[in-house]
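S.K.: No sequence on hand, only this structure:
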C-alpha cells in the first residue's frame, strides 16, 4: 500500500531565538577568507538564526548562532502535524514513511 497524504499541513511562523553562541573564524589563507565571504551569507539563508560579521576592532569574523535550538521545535511541529492528519500519536523520531506506515498498521 503506497503512502500518500492528501492534507495540507500549515505551520505558523514563530519568532527566531537570539544567537547564544559566538565563535571567531578565520581562513588559513587569504583565499579562504574570500570563500568565507561567499559561504557565510548562504548559511544565513539556510538558517536565519546564523549570522556572521567582521569585528574591525578584533580583526576577526565572528559567527553567531543558536546551536541545536532551532532544530528541535520544527521536528515536534511536524510530528504533531502528522499526528493530527493521521489520528495516530508519534513519540519517536525520525518520522520516516516506513515508520509512519508501521505505526498506522499497528494502530488499526
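M.R.: Everything's here; your move. Small disclaimer: the values here were computed from a predicted structure and weren't measured.
S.K.: which other helices and strands contact the helix or strand harbouring residue 38?
M.R.: Assigned by DSSP states H and E, residue 38 belongs to helix 30-46. Applying 3 or more C-beta pairs under 8 Å, 6 or more residues apart in numbering; DSSP states H and E, one finds that helix 30-46 contacts strand 51-55, strand 60-65. Just so you know, the C-beta spots here come from the backbone N, C-alpha and C atoms, and that holds for glycine as well.
S.K.: after the helix or strand of the chain with the lowest mean pLDDT comes which helix or strand?
M.R.: Here the helix or strand of the chain ranked lowest by mean pLDDT, DSSP states H and E is helix 72-86, holding a mean of 77. As assigned by DSSP H and E, the chain's next helix or strand after helix 72-86 is helix 97-107.
S.K.: now the angle from that next one to helix 72-86?
M.R.: 50 degrees (axes from the mean of the first three to the mean of the last three C-alpha atoms, to 10 degrees).
S.K.: In helix 97-107, which residues are buried?
M.R.: By neighbour count on 16 or more other C-beta atoms under 10 Å, the buried set for helix 97-107 is 100, 103.
S.K.: and it, what's its mean pLDDT?
M.R.: Helix 97-107 shows a mean pLDDT of 86.
S.K.: tell me which strands and helices it is in contact with?
M.R.: helix 72-86.
S.K.: which helices and strands sit right next to the helix it packs on?
M.R.: helix 97-107.
S.K.: Quote the end-to-end distance of stretch 49-60.
M.R.: Using C-alpha to C-alpha, to the nearest Å, the end-to-end distance of stretch 49-60 comes to 20 Å.
S.K.: ok, and what's touching it?
M.R.: 16-17, 19, 24-26, 36, 40, 43-44, 61-66, 69-70 (C-beta atoms under 8 Å, 6 or more residues apart in numbering).
S.K.: which residues touch the helix holding residue 38?
M.R.: Under C-beta under 8 Å, 6+ apart, the answer for helix 30-46 is 25-27, 50-52, 61, 63.
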